[in-house]
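[1] Here is the input, now give the coordinates:
(one chain, ligands or ions: 1)
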Amino acid sequence: MKLKSLLPILIAIAALFALPLFIHNPYYIHLVETILIYTILLYGLDIVVGYVGQVSLGHAALFGIGSYTAGVLYFHFGWTIWGTIPASIVVTSIFGGILALPALKVIGPYLAMVTLAFGTIAQILINEMTWMTEGPLGIKIPKPELMGVPMTKAEYFWMVSAILILSLIVVDRFVKSQIGRAFEALRDSPIACDCMGVSVYRFKVIAFVISAAFAGLAGCLYAYSEQYISPNTYNNELAVLFLLGIIMGGRKSRLGAVIGAAIIVLLPKLLDDIHLFRIVASIIAIVVVVGAGMALSKKVTTPRRVAIPIAGVVGLAAFSFWLNSISDWRLSIFGFMILLVVYYLQNGIVGFAKSFYQSIFGKVKTTRGGDAEVVDDSISFISAVGNQNAGSELLKVDSILMQFGGLKALNNVDLSIKRGTIHGLIGPNGSGKSTMMNVLTGIYTPTAGNVLYAGESVVGKTSSDIALSGIARTFQNVQLFGEMTAIQNILVGLHHTFKSNMLEIALHLPRYKKEEADAYARAMALLKFVGLDDLANEEARNLPYGKQRLLEIARALALDPELLLLDEPAAGLTAPDIKELLRIIRKIRDNGITFILIEHHMDVVMSVCDTVSVLDFGQKIAEGKPAEVQADEKVIHAYLGT
Ligand SMILES: Nc1ncnc2c1ncn2[C@@H]1O[C@H](COP(=O)(O)OP(=O)(O)OP(=O)(O)O)[C@@H](O)[C@H]1O
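    Sure thing, here's the model as predicted:
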């Protein structure tokens, strides 16, 4: 990291550590300490919510499990903090793994309900298991000892601050590593993620476990901070507040978690004091009016769009001066503020601030993970498979039947794909081509029949295992990881090249650094091969459609496949784009890679395919050289209906 960007962080850290030296009121120190502890929890929650895109209302319970692990171990066994911290992390991680199980089956509101139920059950159990938790009476815990002497409030504050900084470094390294990329990929397209060899099941569980570990750590620190724990603290209202912290602060942002934690700790206090509320409401109104004025002068927004937020914040400021006491209005104001933030700042405060800054002062250059723009020409874009055994059978599809209820989407289809060839699969709409792709890549398990790849059956294997065995694919409806940049998309495809574990990532050990550097160099070479090296740091969703298709091919190549399945790669492409696509396909084939190509553009099929199989109503009606198939009566009949 450059000194210029490191300086504000160092100043913030110095200010944090200096705080107890200048503020002697323990109330304020405790308030900031609570924000720091909640921030650690939100770092973990952000992994599940921001990166993986799952809703969890079970994190208050995980927080409670962390606190109670520390409390019970101290109360019954006299453990010190040096034992309770790792114990809280381990115990809560196990519960995180349990919480992940429903996330493998359900998503969205259903997952929210299941995690809410988990929270309720955990709270009831803590309450009822009095023999262990002392039930509603709670447990008192003294401040931890340092060399036999209890820590002062300032010393404990420093310890929490140090743990927060460590957590920040570890989380930041995780989310920028291959693990973080896997999390983001499974949020954007679980199917493509699996087909890139990154198991959605595995990484969902890993995300919940890491997230729970941070909740457990935060819970343990909270127990010593409060010096008393009771079941009521860890209720569902707290779970909602944690989720709000992420939404309001801004997901996928370390600063956003700090802001979110500050909001959920300070907002209730702010709404207790009318004078403080007036000051803050006025500051917010001034900031919003000035910001809107700047945006209007730069013409990046319209008066209509800013009218309601301006009216809202100015109205709130005026209302604060009209009020004599705030106590009756607390909840209404709280709700109104949440409504404004969630509706108008959908990417949270940090996300909004970033896009506001970009629209006013121009785009900030984002490079994640190093010198992504540099292409090293000595790196091959492809791991050449070689042309040995060319012409031998690579894939055998044996009497495949795929039935959806009464519909036979594939009916006893046989295929034989030879190494080093381009095998076209054509047929009218609904004839079963994409279904065949899905069977070959493990998305569908066939009703009957077998698929042998390099002599081994792939039926019953998971999509990620099939991908890792050497079958890569693209999709009819492009399935890129939209919120990730072009280079990050390729890096997900290169996930299989990483062997480093979490410790190596957290400590940035040499093996991880080398793997990351090698992967970046290879990803740039792949981008250059498809002509996208200039767009390496552009988010995939912002690329033109034709370039998205090329990026999908480059990502599939990152898997080092022996067999590449392209599902309508020319769909939606312009004539020059199609020409470029054909050049790319031929070059890949020259490196020994075998293709199955589904395509409606007959000129593409005729110009590159060695063999063509034709499907109609789930049955193979013809097979042979392109020209033979084109002249076949049954094929003409299937396409033209005459
Ligand atoms: N998951 C599914 N459930 C039920 N029916 C399905 C499913 N997937 C495919 N089908 C049906 O199977 C048949 C074959 O569909 P498929 O998408 O494989 O055709 P296709 O040849 O790829 O068509 P197109 O060229 O339009 O993409 C269609 O009738 C389709 O509705």
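[2] Could I get the contacting residues of the spatially closest residue to S399 that is not a sequence neighbour?
    In space, and not counting its chain neighbours, S399 is closest to G449: 4.3 Å by Cβ to Cβ, 6 or more residues apart in numbering. From N, CA and C alone the C-beta is placed, and that goes for glycine too. If a contact means Cβ atoms under 8 Å, 6 or more residues apart in numbering, then G449 has 397-401, 412-413, 459 as its contacts.
[3] I figured F277 hits W329, correct?
    No. Between F277 and W329 there is no contact under Cβ atoms under 8 Å: 9.5 Å.
[4] Angles on the backbone of I326, please.
    Main-chain dihedrals, I326, degrees, to the nearest 10: phi -100, psi -10.
[5] Could you report the neighbour count for it?
    By the measure other Cβ atoms under 10 Å, the count of residues near I326 is 18.
[6] For PyMOL, write a command that selects the buried ones of the contacts of G449.
    With 16 or more other Cβ atoms under 10 Å as the criterion, this PyMOL line picks the buried residues out of the contacts of G449:
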select buried, resi 397+398+400+401+413+459
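[7] and the contacts of G449, which two are the farthest apart?
    Greatest spatial distance among the contacts of G449 (Cβ to Cβ): N412 and V459, at 15.0 Å.
[8] Checking L410 next. Helix, strand or coil?
    strand (DSSP: H, G, I helix; E, B strand; the rest coil).
[9] Quick check: beta-bridge partners of it?
    On the basis of DSSP bridges, L410 is bridged to M402.
[10] Verify the stated contact: it with G618.
    Yes. L410 lies in contact with G618 (Cβ under 8 Å); the separation is 4.9 Å.
[11] okay, the two: which has more neighbours?
    More crowded of L410 and G618, by other Cβ under 10 Å: L410, with 28 against 22.
[12] Give the full set of residues in contact with that one.
    Residues in contact with L410 (Cβ under 8 Å, 6+ apart) are 400-402, 432, 435-436, 439, 446, 615, 618.
[13] any idea how far the ligand is from it?
    To the ligand, L410 is 8 Å away according to Cβ to the nearest ligand atom, to the nearest Å.
[14] So for that residue, what's the pLDDT?
    Note for L410: predicted pLDDT of 95.
[15] who has more neighbours, F277 and W329?
    When F277 and W329 are compared for neighbours, F277 comes out ahead with 22 against 16, by other Cβ under 10 Å.
[16] what's the helix or strand for that one?
    Assigned by DSSP states H and E, F277 belongs to helix 274-297.
[17] quick revisit: can I assume the residue nearest to S399 sits in a helix?
    No. With three-state DSSP as the criterion, G449 is assigned strand and is not in a helix.
[18] Mind pulling up the pLDDT for it?
    pLDDT for G449: 95.
[19] what does this protein have sitting close to the ligand?
    For the chain, the residues in contact with the ligand (Cβ under 6 Å from any ligand atom) are 404, 407, 409, 427, 429-435, 476.
[20] again, 8 Å this time
    Neighbours of the ligand within the chain, by Cβ under 8 Å from any ligand atom: 402, 404-405, 407, 409-410, 427-438, 444, 476, 567-568, 598, 600, 615, 618.
[21] so Q54 makes contact with K105?
    No. Q54 is beyond contact range of K105, at 11.9 Å (criterion: Cβ under 8 Å).
[22] Who has more neighbours out of these two?
    Q54 (26 against 9).
[23] tell me the phi and psi of the more buried one?
    Backbone geometry at Q54, expressed as degrees, to the nearest 10, gives phi -100, psi 150.
[24] residues contacting it?
    By Cβ under 8 Å, 6+ apart, the contact list for Q54 reads 48, 103, 107, 111, 204, 207.
[25] what about the last one, distance to Y512?
    Spelled out, it's A207. Between A207 and Y512 the distance is 19 Å, computed by Cβ to Cβ, to the nearest Å.
[26] In the stretch 101-250 of the chain, what residue comes closest to the ligand?
    At 12.0 Å from the ligand, I191 is the closest residue in the stretch 101-250 of the chain, using Cβ to the nearest ligand atom.
[27] That residue: neighbouring residues, count only.
    So I191, with other Cβ under 10 Å, has 16 neighbours.
[28] can you check the one 5 residues further on too?
    Other residues near M196 come to 31 when the count uses other Cβ under 10 Å.
[29] hang on, isn't it packed against L557?
    No. Counting by Cβ under 8 Å, L557 is not a contact partner of M196; they are 11.2 Å apart.
[30] Now list the buried members of the contacts of Q54.
    48, 103, 111, 204, 207.
[31] Surely the second one and I206 touch.
    I take that to be A103. No. Checked against Cβ under 8 Å, the pair A103 and I206 is beyond contact range at 11.5 Å.
[32] Alpha carbons only: can I get stretch 31-41 in CSV?
    C-alpha atoms of stretch 31-41 as CSV (Å, rounded to 0.1, in the frame of the first residue of the first chain):
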residue,chain,number,x,y,z
LEU,A,31,-19.3,3.8,24.0
VAL,A,32,-16.4,3.8,21.6
GLU,A,33,-15.3,0.3,22.8
THR,A,34,-18.8,-1.0,22.0
ILE,A,35,-18.5,0.5,18.5
LEU,A,36,-15.2,-1.3,18.0
ILE,A,37,-16.7,-4.6,19.2
TYR,A,38,-19.7,-4.3,17.0
THR,A,39,-17.4,-3.4,14.1
ILE,A,40,-15.6,-6.8,14.5
LEU,A,41,-19.0,-8.5,14.3
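[33] how distant is it from the center of its chain?
    Centroid separation between stretch 31-41 and its chain, computed with Cα atoms, centre = their mean, to the nearest Å, is 24 Å.
[34] Go through that stretch and flag the buried ones.
    32-41.
[35] what's the closest of those to the ligand?
    Among the buried residues of stretch 31-41, L41 lies closest to the ligand (Cβ to the nearest ligand atom), at 39.8 Å.
[36] Ramachandran angles for that closest one?
    The phi/psi pair for L41 (degrees, to the nearest 10) is phi -60, psi -40.
[37] per-residue confidence at it?
    At L41, the model reports a pLDDT of 98.
[38] Kindly report the same for R304.
    With respect to pLDDT, R304 scores 87.
[39] any idea how far it lies from N347?
    From R304 to N347 the distance is 21 Å (Cβ to Cβ).
[40] Tell me which of these two has more neighbours.
    Neighbours per residue (other Cβ under 10 Å) separate R304 from N347, with N347 holding more: 16 against 7.
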